[in-house]
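A.B. asks: Whatever this is, show me its structure:
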Amino acid sequence: MKKNIAIAMGGYSSEYRISINSGNIVYKNLDRNLYEPYRVHILQNEWFVVAADDTPYPVNKSDFTVTINDKVISFDCVFNTIHGTPGENGLLQAYLELLNIPQTSCDMYQSALTFNKRDLISVLRPYGVKTAVNYFLDKGDEVNIDEIVDKVGLPCFVKANRAGSSFGVAKANTKEDIVPAIKNALSEDNEIIIESFLDGTEVSVGVITYKGEILALPVTEIVSENEFFDYEAKYLGKSQEITPARISEEDTEKVQNIAKMIYRKLKMKGYSRSEFIFHNGEPHFIEMNTNPGLSQASILPQQAEKAGISLQELFGSAIEAALNQK
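C.D. replies: Below you'll find the model as predicted:
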């Protein structure tokens, strides 16, 4: 009997359109012999299922069901493609866990931790994971430019602590750039992380649970036409994403092993995509995405293809893993 799969997409952040693109890719590529997929839009003001004829039907939030043509439909599993809140910061995971509905991404705690860049690097450092030098700032704090520059140097990156897809990120080349960059970051979050500039090759490493095994995918090298891997570079073609990366076999194995170690230590599930910069010859961890983009322009599907894994296999494996965990 086919499993009813809710593909959760949208979300409450600036990333909701990207999430809807990812969700629609999953919808198109699920094996219809095994699954009956439903597009579930989770937006700030309403949750609804988009039927095959594009008619919206409201979701009953008390039990995560939907009624279509007088038939109540419940879901065997949720395929979580929401980038940002509430799908990538633990809120949706906690809600579904209370309802005993399995979902494809990591659990609530891991999701909340990895979405918070400041907390995540603090957890990883005792394991020997190298990172940039960091300075933390909250909304309302006094901004001491000289103190910031003394700590992280110039240029530096000013980032919203809890945001993705390069929203709320700016590079500050001079002291005068820092205050506007902080205002930009505060438009996305009330917590900020300011990082020292790491000069080197940027790579992205996908790690997934595939057919019961933790698998590091081929490494992608990111070459941005802009100053850094910003929104334009990620989604508007202003970058080269080269898979496999043009790094040595030794460096490839090193960064894959670090990414897998992080995945294991954090007790991750589902997909992850971790970003590193090879600075002074050593991979420095930048951040982890636990609901990475799944559109044609996204990195993780490109890596899976290089590994010989089709989208249907990639998505189906995530569903089966979630169902088996239940």
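
A.B. asks: From here on, just use CA atoms for contacts and neighbour counts.
C.D. replies: Fine.

A.B. asks: What sits closest to the spatially most central residue of the chain if chain neighbours are left out?
C.D. replies: With distances taken as CA atoms, centre = their mean, N289 lies nearest the centre of the chain, 2.8 Å away. If the residues on either side of it in the chain are set aside, N289 comes closest to R273, at 5.1 Å by CA to CA, 6 or more residues apart in numbering.

A.B. asks: helix/strand/coil for that neighbour?
C.D. replies: What DSSP: H, G, I helix; E, B strand; the rest coil gives for R273 is strand.

A.B. asks: Distance of it relative to L215?
C.D. replies: Computed as CA to CA, to the nearest Å, the R273 to L215 distance reads 12 Å.

A.B. asks: Pick out whichever of these two has more residues nearby.
C.D. replies: Shown here are R273 and L215; by other CA atoms under 10 Å, R273 has more neighbours (22 against 16).

A.B. asks: Please tell me I have it right and the more buried one contacts V205.
C.D. replies: Yes - if you go by CA atoms under 8 Å, R273 and V205 touch, sitting 5.5 Å apart.

A.B. asks: For P244, grab the count of nearby residues.
C.D. replies: For P244, the neighbour count with other CA under 10 Å is 17.

A.B. asks: no, scratch that, I was asking about K71
C.D. replies: Number of residues near K71 (other CA under 10 Å) recorded here: 8.

A.B. asks: Could you do E250 as well?
C.D. replies: Counted by other CA under 10 Å, the residues lying close to E250 total 9.

A.B. asks: ok, now P86?
C.D. replies: Neighbours of P86 using other CA under 10 Å come to 22.

A.B. asks: do the same with the one 10 residues further on
C.D. replies: Under the neighbour criterion other CA under 10 Å, L96 is assigned a count of 17.

A.B. asks: quick one: secondary structure of it?
C.D. replies: Secondary structure, three-state DSSP: L96 is helix.

A.B. asks: Quick one: residues contacting the closest residue to it other than its chain neighbours.
C.D. replies: Among residues not flanking L96 along the chain, P102 sits closest, at 7.0 Å (CA to CA, 6+ apart). P102 sits next to 76-78, 96, 322-323, 325-326 when contact means CA atoms under 8 Å, 6 or more residues apart in numbering.

A.B. asks: repeat for P218
C.D. replies: P218 makes contacts with 205-206, 243-245, 303-304, 306-307, as judged by CA under 8 Å, 6+ apart.

A.B. asks: hmm, which of the residues you listed are the buried ones?
C.D. replies: Neighbour counting by 16 or more other CA atoms under 10 Å classes 205-206, 243-245, 303-304 among the contacts of P218 as buried.

A.B. asks: What about those residues, which are in strands?
C.D. replies: Residues from the buried ones among the contacts of P218 lying in strands, with DSSP state E as the criterion: 205-206.

A.B. asks: Out of the buried ones among the contacts of P218, which two are the most distant from each other?
C.D. replies: A245 and A304 (13.9 Å; CA to CA).

A.B. asks: Mind giving me the packing neighbours of the helix or strand where G23 lies?
C.D. replies: Using DSSP states H and E, G23 sits within helix 16-29. When contacts are defined as 3 or more CA pairs under 8 Å, 6 or more residues apart in numbering; DSSP states H and E, helix 16-29 packs onto strand 3-10, strand 35-42, helix 311-325.

A.B. asks: contact partners of it?
C.D. replies: With contact meaning CA under 8 Å, 6+ apart, helix 16-29 is reached by 7-11, 37-39, 41, 81-84, 293-296, 311-312, 315.

A.B. asks: Could you export the contacts of P218 as JSON lines, including distance to E191?
C.D. replies: Converted to JSON lines, the contacts of P218 look like this (distance: CA to CA, whole Å):
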{"residue": "V205", "distance to E191": "26"}
{"residue": "G206", "distance to E191": "27"}
{"residue": "T243", "distance to E191": "33"}
{"residue": "P244", "distance to E191": "35"}
{"residue": "A245", "distance to E191": "33"}
{"residue": "Q303", "distance to E191": "32"}
{"residue": "A304", "distance to E191": "34"}
{"residue": "K306", "distance to E191": "37"}
{"residue": "A307", "distance to E191": "37"}
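
A.B. asks: So which of those are in helices?
C.D. replies: Residues of these located in helices (DSSP state H): 303-304, 306.

A.B. asks: and the gap between H41 and F79?
C.D. replies: As defined by CA to CA, H41 lies at a distance of 12 Å from F79.
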